[in-house]
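Undergrad: This is a predicted model, with the sequence first.
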Amino acid sequence: MAVQPRWILGISAFYHDSAAALLRDGEIVAAAQEERFTRKKGDAGFPINAIAYCLRAGGIRASDLAYVGFYDKPLLKFERILETYLGVAPRGFRSFEMAAPLWLKDKLYLDRQLREGLGFAGEILYAEHHESHAASAFFPSPFEEAAILTMDGVGEWATASFGRGRDHDIELFRELHWPDSLGLLYSAFTYYTGFKVNSGEYKVMGLAPYGEPKYVDLIYRELIDLREDGSFTLNQKYFNYLTGLTMTNGAFDKVFGGPPRVPETKLTQREMDLARSVQVVCEEVMLRMARTVHRETGLQDLCLAGGVALNCVGNGRLLREGPFRRLWIQPAAGDAGGALGVAQLIWHRYCQEPRWVTPGRDAMRGAYLGPEFSPAEIERYLEAQGAGYERLDRETLLRRVAGLLADDKVVGWFDGRMEFGPRALGARSILGDPRSPRMQAQMNLKIKFREGFRPFAPSVLRERVSDYFELDCDSPYMLLVAPVKRERQIPMPAEQCQLWGIDQLNVVRSDIPAVTHIDYSARIQTVDRETNANYYDLIQEFERLTRCAVLVNTSFNVRGEPIVCTPDDAYRCFMRTHIDYLVLGPYLLNKAAQPEWRETGDWRQEFQLD
Ligand SMILES: [Fe+2]
């Protein structure tokens with residue numbers, strides 16, 4: 001009789017960015033974030049849609065699952081919240097009342113919810129939050145043995161941890177505890193500079209190069225007591241996240257010279273200087289932690305996860321200046337990746353199953369782990385919409401799209417399985433020509449409806465990366481930042497150096513200006529043929545036409561909206577924006593050939609657009 005495969009479902013939920021991941025005999029079959037299905041950015045609810053998708057992708061029912069894993073321990077987390085509030089009562093009572101019903105309802109009755117919601121009668125296992133992050137960093141990595149470092153806002157008690165992964169187990173040696181948290185320090189500045197906590201951190205990082213590190217000394221003097229080994233104490237006098245509904249308080253305002261920026265109001269040099277300053281401090285903490293991990297493990301390779309590992313500028317510095325030879329970063333480094341981590345912990349630690357590593361290749365399948373749609377499904381949708389489209393064979397399609405891109409057109413590119421994690425990697429992307437000096441402003445303002453200062457990322461053929469950037473390693477998940485190659489940089493004349501902050505935006509800085517940030521850096525995605533043949537061949541076709549092996553790649557969504565998941569999401573986004581052409585699998589759609597688009601409801605309000 002054939003041996004039945006063992007299926008394990010991992011779940012992360014109830015904090016932010018809920019997700020589900022499915023393993024078949026230890027192999028990653030599917031993973032997706034709930035927000036993509038509910039269209040609510042960072043959806044923290046029970047990920048019933050992501051779970052349903054994973055089961056569908058595996059062709060199984062919940063009753064076929066051997067185990068279900070949850071990415072943290074709700075009771076430990078509850079203990080931390082309770083102790084925090086009891087410790088500071090009555091100051092914290094108000095927000096405790098607001099938080100408690102959610103905790104009581106969703107988190108403590110998780111077991112019942114999992115059973116009733118799923119119809120699952122088997123064993124449910126819980127991992128610690130940072131163990132889940134650590135597992136997601138090490139198990140899918142291309143290393144047989146490596147050091148592990150996790151850093152985030154907070155799990156149960158831990159805010160950072162480090163240790164070692166070897167063969168099929170991980171061991172964490174040390175933890176940093178709440179309320180001393182690098183993630184929360186960064187989020188405090190995200191809040192203070194007028195961006196949304198848990199999603200605006202990326203904007204702070206993008207804004208940083210426009211500013212001067214004017215507040216670094218002040219941060220060290222007042223906010224953080226940073227020790228040589230990278231551990232630190234935050235001065236709670238200035239923060240409000242323990243007890244209040246905001247991140248910073250009046251004492252913080254006093255020291256930093258005013259109240260937080262009101263969201264959506266004009267950005268000033270002050271916010272840029274604040275962003276630069278917290279980024280500098282964050283990088284210093286990351287570097288010190290990495291040196292400690294290196295010293296204590298004696299290992300050459302490092303795996304990273306936790307929300308702070310999405311700080312790709314910091315990762316780039318770790319690679320250039322840190323003690324490790326190689327880095328591998330979990331693409332879903334935030335809490336969504338915990339769903340995958342706990343499933344892998346169950347397989348390797350609980351079931352004691354071995355781990356097989358292919359040198360030089362990770363187990364994430366390029367992070368293309370989400371839903372895909374067949375040509376027949378896409379065509380049915382297009383017919384129902386009355387959309388204008390052409391079906392093209394692969395070669396013709398790639399040639400046409402490369403030609404459109406070279407002609408300065410913006411193309412929505414929807415192909416194959418959706419990405420797991422926050423970055424679009426050529427499955428749900430908006431593409432453009434990086435040589436165009438107008439592309440950055442055009443894409444930011446007319447397509448993404450977002451702040452003009454935000455940089456765009458390049459996708460480059462893996463074997464050509466060192467021709468364009470000061471980098472010569474894999475960066476498949478867009479999690480490393482490196483400078484544009486020196487020969488390609490265009491130095492700024494003296495009068496342009498005088499320009500302040502955002503005024504520098506329109507200065508052409510290299511021969512690929514649309515992906516060259518103000519400090520000549522770029523957030524790089526290397527593309528190899530084995531993980532995404534269509535995308536690779538498209539870039540190669542573009543290179544044949546233009547002698548440029550780089551494309552602008554930004555996520556297929558508008559500001560405030562999750563990345564598109566289905567052909568319908570993609571078509572809507574296409575019709576609402578100035579995207580010129582849309583590719584849906586083998587179909588090519590020209591905006592000019594579409595029927596008139598009628599909105600139902602106020603979508604700009606829905607996505608909080610200006
Ligand atoms: Fe986390």
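TA: Yes, it's here.

Undergrad: OK, now which residue of the protein is nearest to the ion?
TA: For the chain, the residue closest to the ion is Asp152, as judged by CB to the ion, at 3.6 Å. (Each C-beta comes from the backbone N, C-alpha and C, glycine too.)

Undergrad: How about that residue: what's its closest non-neighbour residue?
TA: Distance criterion CB to CB, 6 or more residues apart in numbering; nearest residue to Asp152, sequence neighbours excluded, is Gly306 at 3.6 Å.

Undergrad: ok, that neighbour - how many residues close by?
TA: Residues lying near Gly306 (other CB atoms under 10 Å) number 31.

Undergrad: That one: what's it in contact with?
TA: Gly306 is in contact with 130, 133, 150-152, 160, 183, 333-334, counting by CB atoms under 8 Å, 6 or more residues apart in numbering.

Undergrad: Swap in 7 Å and give it another go.
TA: By CB atoms under 7 Å, 6 or more residues apart in numbering, Gly306 lies in contact with 133, 150-152, 333.

Undergrad: Surely the residue of the chain closest to the ion is in contact with Val308?
TA: Yes - shown here, Asp152 and Val308 form a contact pair, counting by CB atoms under 7 Å, at 6.0 Å.

Undergrad: So, low pLDDT: which residues of this protein?
TA: Applying pLDDT under 70 to the chain flags the ranges 1, 75, 78, 82, 85-109, 244, 494-506, 600-610.

Undergrad: ok, now how distant is the residue most central in space within the chain from Ile346?
TA: The residue lying closest to the centre of the chain (CA atoms, centre = their mean) is Pro422, at 3.1 Å. In this view, Pro422 and Ile346 are 25 Å apart by CB to CB, to the nearest Å.

Undergrad: Asp569 too?
TA: Relative to Ile346, Asp569 is positioned 32 Å away (CB to CB).

Undergrad: Among these two, which residue is more densely surrounded?
TA: Neighbours were tallied for Asp569 and for Ile346 using other CB under 10 Å; the higher tally belongs to Ile346 (25 against 21).

Undergrad: Next, find the distance separating that one from Asp167.
TA: Ile346 is 16 Å from Asp167, by CB to CB.

Undergrad: What strand or helix carries the residue nearest to the centre of the chain?
TA: Of the helices and strands defined by DSSP states H and E, none includes Pro422.

Undergrad: tell me the phi and psi of it?
TA: Note on Pro422: its backbone torsions stand at phi -80, psi -10 [degrees, to the nearest 10].

Undergrad: can you check Lys237 too?
TA: phi -60, psi -30.

Undergrad: Now for Thr268, how many residues are close by?
TA: 14.

Undergrad: scratch that, Thr546
TA: What Thr546 shows, counting by other CB under 10 Å, is a neighbour count of 16.

Undergrad: quick one, what contacts it?
TA: Contacts of Thr546 (CB under 7 Å, 6+ apart): Ala406.

Undergrad: ok, now with 8 Å
TA: Thr546 makes contacts with 406, 433, 435, as judged by CB under 8 Å, 6+ apart.

Undergrad: And the helices in the stretch 101-250 of the chain?
TA: 110-118, 129-138, 182-192, 201-207, 216-218, 250-256 (DSSP state H, counting those that start in this stretch).

Undergrad: Name the next helix or strand following the biggest helix by length in the chain along the chain.
TA: Of all segments of type helix in the chain, defined using DSSP state H, the longest is helix 269-297. As assigned by DSSP H and E, the chain's next helix or strand after helix 269-297 is strand 301-305.

Undergrad: Grab the CA positions of that next one and hand them over as PDB.
TA: Extracted C-alpha coordinates of strand 301-305, given in PDB (Å, rounded to 0.1, in the frame of the first residue of the first chain):
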ATOM      1  CA  ASP A 301      26.800  32.300   7.200                       C
ATOM      2  CA  LEU A 302      23.900  34.100   8.700                       C
ATOM      3  CA  CYS A 303      20.100  33.700   8.300                       C
ATOM      4  CA  LEU A 304      17.800  36.500   9.200                       C
ATOM      5  CA  ALA A 305      14.000  36.900   9.800                       C
END
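
Undergrad: Tell me if it is near the ion.
TA: No - in terms of CB under 5 Å from the ion, no part of strand 301-305 sits within range of the ion; the closest distance is 8.3 Å.

Undergrad: so what secondary structure elements neighbour that strand?
TA: helix 129-138, strand 145-151, helix 269-297, helix 312-321, strand 326-329 (3 or more CB pairs under 8 Å, 6 or more residues apart in numbering; DSSP states H and E).

Undergrad: for those, which one ends up most surrounded?
TA: helix 129-138 (a mean of 31; mean count of other CB atoms under 10 Å).

Undergrad: tell me the angle of it relative to strand 301-305?
TA: Here helix 129-138 runs at an angle of 130 degrees relative to strand 301-305 (axes from the mean of the first three to the mean of the last three CA atoms, to 10 degrees).

Undergrad: what's around Gly58, how many residues?
TA: 18.

Undergrad: typo on my end, Glu451
TA: 17.

Undergrad: and the gap between it and Arg559?
TA: 8 Å.

Undergrad: Also Trp7?
TA: 37 Å.

Undergrad: Same drill for these two, tell me which one is more crowded.
TA: Using other CB under 10 Å as the criterion, Trp7 and Arg559 rank with Trp7 on top: 22 against 16.

Undergrad: Tell me which residues of stretch 322-342 come out buried.
TA: For stretch 322-342, the neighbour count (16 or more other CB atoms under 10 Å) marks 322-324, 327-342 as buried.

Undergrad: looking at it, Pro455 is touching Tyr520, isn't it?
TA: No - counting by CB atoms under 8 Å, Pro455 sits too far from Tyr520 to count as a contact (11.0 Å).

Undergrad: More neighbours: those two, which one.
TA: Taking neighbours as other CB under 10 Å, Pro455 and Tyr520 compare with Pro455 leading, 23 against 20.
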